[in-house]
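K.L.:
Give me the fold of what follows.
(chains A, B and C)
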Amino acid sequence: MKHLLSMDDLSLGEVQQLLSLADEMSEIQKRSQPKVPALRHKTVVSLFFEDSTRTRLSFETAAKRLSADTMTFSATSSSVNKGESLRDTVETLSAMGVDAFVVRHKTAGLPLAMTQWTNAHIVNAGDGAHQHPTQALLDAFTLTRALEMGNSLAGVRIAMVGDIRHSRVARSTVRAFVLLGAKVTLVAPASLLPPSLIYSNAAHTRHEWPVSVSHDLDEVLGDVDVVYLLRMQHERMNAAFISSVDEYALHFGLTAQRLARLPLHFKLMHPGPMNHGVEIGVDPALVPGSLITQQVTNGVSIRMAVLLSLLGPAASSETTKEERDV
Amino acid sequence: MTNTEKAASVLTSNDVQRAVRRIAHEIIEHVASLAGSLSSPEKIAIMGLQHGGVWLAEAIHSNILEIQPNAPVVLGSIDVSMYRDDIGLRPTLEVATSHVPCSLDGVLVVLVDDVLFTGRTVRAALDALIEFGRPQAVRLAVMVDRGHRELPIRPDFVGKNLPTHVNDEVLVRMSGVEIFPGVHA
Amino acid sequence: MSNSKSVLIIGGTVVNASGEVLADVMIDQGVVQEVGPNISAKYAAENEGGPQRIDATSCVVTSAFVDLHTHLREPGREESETIETGSRAAALGGYGAVVAMPNTEPAQDSVAVVEFVRMQGERAGLVDVVPSACITVNRSGLQLSPFHSLAQNGVTLYTDDGNGVQDPVIMRRAMEYAKELNITLMQHCEVSRLTEGAVMHEGCCSSHLGLPGWPSIAEVLMLQRDLELMRETGAKMHFLHLSTARSVELVRQAKNEGLPVTAEVTPHHFSLTDEKLSGFNTVFKVNPPLRTMEDIEALRIGMQDGTIDAIATDHAPHAAHLKDQDLQAAPPGMLGLQSALGVAMKYSGCSVQRVIELMSWAPARIAGLTARQGNSVAPGNIANLVVFNPTAQWEQSLEQIVSKSQNTPYLGLPLQGQVHCVLRDGKVVVEAGVITK
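P.N.:
Below you'll find the model as predicted:
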């Protein structure tokens, strides 16, 4: 695996391998000295064109736990576009000797473009509304470990609630959950679903979105093992996607009343950061099935597993000595 | 490149069991020789290197307890994959978890592996070990020393010295030791 | 090559609206003198003072193409293209005339800028550069352009291309002027509120990629509005780069009712789908966007049954550093002049004669250029001709591109139909696919 750009690129086997590797990474994180020298001569650069302290720190922590050198290049897209092109920036940084770029950008496609501009490994930390593969992997890791189902989610019923249309988390995590065998239902008003799910009935669409769709959260909550909440952004109101955040919260928010109706075993997930009072109306700390803090911790383990998988194995297919080098 | 059809058996399963027993005795004698001195350890940790040394460490550990039931000996394992010096050179990563039964401060650690070859794995194990404390001393026990050292590492307890060609493959199991000859240039 | 030489085109198939015939064509003093079989026998060899001979075996000989929709970028964006480099691309594409779109900087909304563009075209001297003018000053959609002055200056085509005219009041007024002055308005149909932030067609592909989409309804709504306004005002309108199946249906109905409507499609809209964007390559970003196979089928049927009158390239060069940005930031548009024939013969599903109608005869009429362009190859007519091989298979490569920009979507894609020679006023300007001037 040279790059991690999209969940669409990973096979079930590759996903399961990463999940298993993340178990080992979790063990390292629990030590009093949570650091190993595995990537000690490697340089990992965070190229964040969109503000995100949480994800960036998670990646940097992961890199440091593996003893890699890290650098951050934060740029607002507009400053780059006005003078130096994106391509110039990447090529210049690359020439300084970078083994991997972790990149986040507000428009889809930049990580793929970067694979043409540099020899470094590329990890997509979120491109527009397209993909956020490490989020999906950490979600899959968190849920499979919480449910103690090994590397499978066969038959698990998951409701994903919120702004699916604009969410890279939705696109990636749905794929991960479905790949592992879960049954996913998307719950949102029509305006917040991808257009192909409301305007087209093509078999095509079913193939790309192998999910059920509902506009009624209360109906779905009767039959669900996991509720995955997406953040509802205030900006959506200004662009006329919803009437108001209050209206949204009333009909699609996880309120205390709705919480009370959920089965005891249910799990709650959220990629963060949360909009309290909007998509979630209860304090997650008071929800016994909440996996939200585990998601954050597991973020570092998964990102360690990803960096190790990209930077660890040999780049070429020639093997040196196949036997163990004892 | 190895030729799996022409494996030569160099140790039988009886040979292996006898070697394990002998190593267990040697370890006990060694500890006894330190008794009463400043270097006398309070505990001995038999640590198998993942994955090849794990069964051997278990065998040595249980043999020690058969010989001397009250020996202050514990069993553990060390994963060295995160400490190898050849990350980025091999096509795959095999990662496992270390199981360290207690703090290694002041403990006599006996690293156990099936085959000692270039010495690089043992070097990685020494790095890995330091994460878990400051051992009083570290010794090395191997079933087979096949030569071709690339680092100044030497075993303290050896089952058998086996001269081999660098391209040969050596397989060490409880059921016996075999050499698979490689292409000799 | 002496420029007072006569020219003899030998062994080609002369295609006119009335029919086709295997014949030689004799050209002298800028005009076709004779068309008939075996004329070549009557003349001396070239090296003995006879006419310049063009071997047109396996080729079609017909009037040069006319592009209703070219962006030459000059004045203002000369880093992407100039009138000179655009003319070269046009000539190599078999064109005798191009209508220059007015979204230049400054825009072609005054006689001064229009005359500048015309003059630069004459200076380049390879094709007739026919400037169109804006409908509103600076294409802002707020203030009407000086239609009387522009019409008096000879401008017959008006558009705010790059954008549609959003305000129905402005459009209605412009149509009143158009009826009065007998000029043709051309609309880029796009309701901009429905396409904010869009980078590709809104559909399955955009939904999968999470990219903001440009829904078909944004084109259809404006087309519908303008057809109703045409019914009321009686103005003539030409619709630019139609891209949806529904648009074709609406134009078909309008024509059945006798409305004075004409329509064009671009080669990329009938040959490439939105799936091309799944690699996020900005070369495929264009307005209106590449759509689906259903739309492509409808555009092809429209070209075949006469609903669509013309193929127009919407040649939109953008310098490499502009396209080398993310999908949101990169400007939309693709090159088209050099590949148009190759795409038309390969992907339109039309006969050679129908392709020539779409690329030469009809656009010449729509642009009012029939004095010089789009006429039959017949004695007495100006010799603005193209000789092309309709079956030659080829692929476009970057080395062939003479534009200043390189944003062609056809690299490595199979094309059919290649320009061999182009004559302008009876002189050879392109020979064996190379400019001779």
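K.L.:
Now the residue of the stretch 51-200 of chain A found nearest chain B: phi and psi?
P.N.:
Across the stretch 51-200 of chain A, the shortest distance to chain B (C-beta to the nearest C-beta) belongs to A:Leu66, at 7.7 Å. Where you see a C-beta, it was placed from the backbone N, CA and C, and this is true even at glycine. Dihedral pair for A:Leu66: phi -100, psi 10, per degrees, to the nearest 10.
K.L.:
Return the residues in contact with it.
P.N.:
Contact analysis of A:Leu66 by C-beta atoms under 8 Å, 6 or more residues apart in numbering or on different chains lists A:Lys35, A:Val36, A:Pro37, A:Ala38, A:Leu39, A:Arg40, A:Met304, A:Leu307, A:Leu308, B:Met82.
K.L.:
buried stuff in the longest helix anywhere in chain B?
P.N.:
Longest helix of chain B, by residue count under DSSP state H: helix B:13-34. Of the residues in helix B:13-34, B:Asp15, B:Val16, B:Ala19, B:Val20, B:Arg21, B:Ile23, B:Ala24, B:Ile27, B:Ile28, B:His30, B:Val31 count as buried by neighbour count, 16 or more other C-beta atoms under 10 Å in any protein chain shown.
K.L.:
Quick check: the gap between the residue of the stretch 51-200 of chain A closest to chain B and chain C.
P.N.:
Separation of A:Leu66 from chain C (C-beta to the nearest C-beta, to the nearest Å) stands at 30 Å.
K.L.:
helix or strand for the closest residue to that residue other than its chain neighbours, which one?
P.N.:
Residue nearest to A:Leu66 in three dimensions, not counting chain neighbours: A:Leu39, with 4.1 Å by C-beta to C-beta, 6 or more residues apart in numbering or on different chains. With elements taken from DSSP states H and E, nothing contains A:Leu39; it lies in neither a helix nor a strand.
K.L.:
Quick check: A:Leu39 touching A:Leu307?
P.N.:
Yes: between A:Leu39 and A:Leu307 there is a contact at 6.5 Å, judged by C-beta atoms under 8 Å.
K.L.:
Whatever residue of chain B ends up closest to chain C: neighbour count?
P.N.:
For chain B, the nearest residue to chain C under the criterion C-beta to the nearest C-beta is B:Pro91, separated by 28.4 Å. Residue neighbour count, defined by other C-beta atoms under 10 Å in any protein chain shown, stands at 13 for B:Pro91.
K.L.:
now C:Val286
P.N.:
Residues near C:Val286, counting by other C-beta under 10 Å, number 26.
K.L.:
Now do the contacts for it.
P.N.:
For C:Val286, the contacting residues are C:His268, C:Asp314, C:Ala316, C:Pro332, C:Gly333, C:Met334, by C-beta under 8 Å, 6+ apart.
K.L.:
Kindly recompute the last result at 7 Å.
P.N.:
The neighbours of C:Val286, taking C-beta atoms under 7 Å, 6 or more residues apart in numbering or on different chains as the test, are C:His268, C:Pro332, C:Gly333, C:Met334.
K.L.:
Now it: closest residue in space, sequence neighbours ignored.
P.N.:
Spatially, and ignoring its direct neighbours in sequence, C:Val286 is nearest to C:Pro332 (4.8 Å; C-beta to C-beta, 6+ apart).
K.L.:
mind listing the helices for the stretch 151-300 of chain A?
P.N.:
Ranges of helices in the stretch 151-300 of chain A, per DSSP state H, counting those that start in this stretch, are A:168-179, A:195-199, A:203-208, A:217-221, A:235-238, A:245-252, A:256-261, A:292-311.
K.L.:
For the longest one, which outside residues touch it?
P.N.:
Counting by C-beta under 7 Å, 6+ apart, the neighbours of helix A:292-311 from elsewhere in the structure are A:1-2, A:4, A:18, A:21-22, A:25-26, A:29, A:38-39, A:42, A:44, A:58-59, A:61-63, A:65-66, A:99-100, A:121, A:123, A:134, A:137-139, A:141-142, A:146, A:268-270, A:272, A:284, B:88, B:93.
K.L.:
do the first one as well
P.N.:
By C-beta under 7 Å, 6+ apart, the residues outside helix A:168-179 that reach it are A:7-8, A:12, A:15, A:126-133, A:135-137, A:139-140, A:153, A:158, A:160, A:164, A:184, A:210-211, A:228, A:230, A:271, C:210.
K.L.:
6 Å instead, please
P.N.:
Outside helix A:168-179, the residues that touch it by C-beta atoms under 6 Å, 6 or more residues apart in numbering or on different chains are A:7, A:12, A:126, A:129-133, A:135-136, A:139-140, A:158, A:164, A:184, A:210, A:271, C:210.
K.L.:
Average pLDDT for it, rounded please.
P.N.:
The average pLDDT for helix A:168-179 rounds to 96.
K.L.:
same check, this time on the shortest one
P.N.:
When the per-residue pLDDT values of helix A:235-238 are averaged, the result is 70.
K.L.:
next one: the longest one
P.N.:
On average, the pLDDT along helix A:292-311 is 96.
K.L.:
Could you list the low-confidence segments of chain B?
P.N.:
Across chain B, the ranges flagged by pLDDT under 70 are B:1-5, B:185.
K.L.:
May I have the residues that are in contact with C:Thr85?
P.N.:
Counting by C-beta under 6 Å, 6+ apart, C:Thr85 touches C:Ser403, C:Lys404.
K.L.:
Over to B:Ala128?
P.N.:
By C-beta under 6 Å, 6+ apart, the neighbours of B:Ala128 are B:Ile78, B:Val80, B:Tyr83.
K.L.:
Could you pull up phi and psi at the second one?
P.N.:
B:Val80 adopts backbone torsions of phi -100, psi 0, taken as degrees, to the nearest 10.
K.L.:
Nearest spatial neighbour of it, chain-adjacent residues omitted?
P.N.:
Nearest residue to B:Val80, sequence neighbours excluded (C-beta to C-beta, 6+ apart): B:Ala124, at 4.1 Å.
K.L.:
can you give me phi and psi for that neighbour?
P.N.:
Phi and psi for B:Ala124, reported as degrees, to the nearest 10, are phi -60, psi -40.
K.L.:
count of neighbours near B:Ile64?
P.N.:
Around B:Ile64 there are 23 residues (other C-beta under 10 Å).
K.L.:
Can you tell me how far B:Met143 is from B:Arg18?
P.N.:
Per C-beta to C-beta, to the nearest Å, B:Met143 is found 11 Å from B:Arg18.
K.L.:
mind listing the helices for chain C?
P.N.:
For chain C, the helices defined by DSSP H cover C:83-92, C:111-124, C:147-152, C:168-181, C:204-209, C:217-233, C:245-256, C:293-305, C:320-323, C:340-347, C:352-356, C:362-366.
K.L.:
Of the contacts of A:Leu66, which is the nearest to C:Val191?
P.N.:
Among the contacts of A:Leu66, A:Leu307 lies closest to C:Val191 (C-beta to C-beta), at 46.5 Å.
K.L.:
Quick check: that closest one vs A:Phe49, distance?
P.N.:
20 Å.
K.L.:
do B:Leu34 as well
P.N.:
Taking C-beta to C-beta as the measure, B:Leu34 falls 62 Å from A:Phe49.
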